[in-house]
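Participant: coords please:
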Amino acid sequence: MKNSMNKTAPTLLTLMIIVLGGYLIYQVIYNPIIVSFVPTPQPGIERLRNINGNGRFLWSPTEMMIIGSSTNFGPCPDWGCSQESEIFLVDLETHKKKTIYKIDQYGFHIIGWSSDGKRILVSVEGEGVLATGIWSMDFEEPGPPEFITDRTLAAWSYDGTKMAVADFIDEPGGKYPVIDVVDLETGQKRQVFKASMPSSIWSLSWSADGKQIAFLHYDQKPNIYVLQLETREITQIASNESAYDDGVFSPQDNLIALKKSSQGYEDSVVIKDLFNDCQVEMPVEKVKLLGSWSPDGRRFAFSTYDDDVYIVDLGKFLGFDFQKTGSLCP
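Facilitator: Model (predicted):
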């Protein structure tokens, strides 16, 4: 990155104030703090202690950093509390965490990072500086955010030219969820999925080739489905014996990370090989949110309810066979 985020100083480095309708957004770069990287008993799995983020963690296009966010999920009670949300970077080489944005608003989450590293996508659900919806922010030269849509769930395609947006159609009998694909160059929108009954969609993930979208559909129970955009064919990628409540395609398309839901806080991460129909479960529980894949598809990040982030290097975790073939199957 070519901006001041790469500089260090013992005090506050940069303060940029953007005025929007009488409110303020701060682009702030604080003196970084050191994050503890702790090896685990399992080879290839690292633990980043006390990150204190409650949104997805996303890899930078350069693979050198992950970005996260922290926010309150609702307004403060009468006795008051901090309404601030923040976006922060964790440098995976220096182990330093820097806050780069602060905003006086709750319900503010980072949900995407463009493939060229120039823009980030945020979802806003709380009242305050920005209206509810999806906003795009310039990462290298911060300025006023650009409003994209009044929906709050969206995903960028890997090449950055399209966006999948979860919406709904209000009809007699209830709200029917739909998925729209928006061409970001022309603004043209087309509907690619409509549910057959009132239900909800809670997550979206593009395949790297732009031909598939994985999504979490709550009908009778949560499960992950893959939509083929050319044929509109829909496939459930997990059996009904297990419930999954999130899914993220790898950059190579043959793997998908799934969050396996369970009773209590025992949720775990399963990596599934879509081409060879086999899978492996990560030996970490209390999983809160899936994160994202590194751009080379070799590592995956996710967070737990202990406010830690785990990074799994599949080559080191699975051994030589995976390093040679890229498949989970023996």
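Participant: In what element of secondary structure is Lys316 found?
Facilitator: Using DSSP states H and E, Lys316 sits in helix 314-318.
Participant: Could you list every helix and strand in contact with that helix?
Facilitator: helix 320-325 (3 or more Cβ pairs under 8 Å, 6 or more residues apart in numbering; DSSP states H and E). Every residue, glycine included, has its C-beta placed from N, CA and C.
Participant: Keeping just the C-alphas, turn stretch 99-108 into PDB.
Facilitator: C-alpha atoms of stretch 99-108 as PDB (Å, rounded to 0.1, in the frame of the first residue of the first chain):
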ATOM      1  CA  THR A  99      -6.800   0.800  13.500                       C
ATOM      2  CA  ILE A 100      -7.300   2.600  10.200                       C
ATOM      3  CA  TYR A 101     -11.000   3.800  10.400                       C
ATOM      4  CA  LYS A 102     -13.300   4.900  13.100                       C
ATOM      5  CA  ILE A 103     -16.900   5.800  12.700                       C
ATOM      6  CA  ASP A 104     -19.500   7.000  15.300                       C
ATOM      7  CA  GLN A 105     -22.100   4.300  14.400                       C
ATOM      8  CA  TYR A 106     -23.000   0.800  15.400                       C
ATOM      9  CA  GLY A 107     -23.700  -2.200  13.100                       C
ATOM     10  CA  PHE A 108     -20.700  -1.400  10.800                       C
END
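Participant: Need the contact partners of the helix holding Lys316.
Facilitator: The contact list for helix 314-318, computed with Cβ atoms under 8 Å, 6 or more residues apart in numbering, reads 42-45, 271, 280, 298-300, 322-323, 328.
Participant: Quick check: mean pLDDT of it?
Facilitator: Mean per-residue pLDDT for helix 314-318: 86.
Participant: list the buried ones in stretch 189-196?
Facilitator: Buried residues in stretch 189-196, counted by 16 or more other Cβ atoms under 10 Å: 193, 195.
Participant: residues in contact with that stretch?
Facilitator: 164, 169, 176-183, 201, 213, 215, 217, 219, 227, 229, 232, 234.
Participant: Filter the residues you listed down to the buried ones.
Facilitator: Buried subset of the contacts of stretch 189-196 (neighbour count, 16+ other Cβ under 10 Å): 164, 176-182, 201, 213, 215, 217, 227, 229.
Participant: okay if I get those as TSV plus pLDDT, distance to Asn52 and secondary structure?
Facilitator: Formatted as TSV, those follow (pLDDT from 0 to 100; distance: Cβ to Cβ, whole Å; DSSP: H, G, I helix; E, B strand; the rest coil):
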residue	pLDDT	distance to Asn52	secondary structure
Ala164	96	29	strand
Tyr176	93	38	strand
Pro177	94	32	strand
Val178	96	35	strand
Ile179	97	32	strand
Asp180	96	34	strand
Val181	96	35	strand
Val182	93	33	strand
Ile201	91	29	strand
Ile213	96	31	strand
Phe215	94	29	strand
His217	88	31	strand
Leu227	96	35	strand
Leu229	95	37	coil
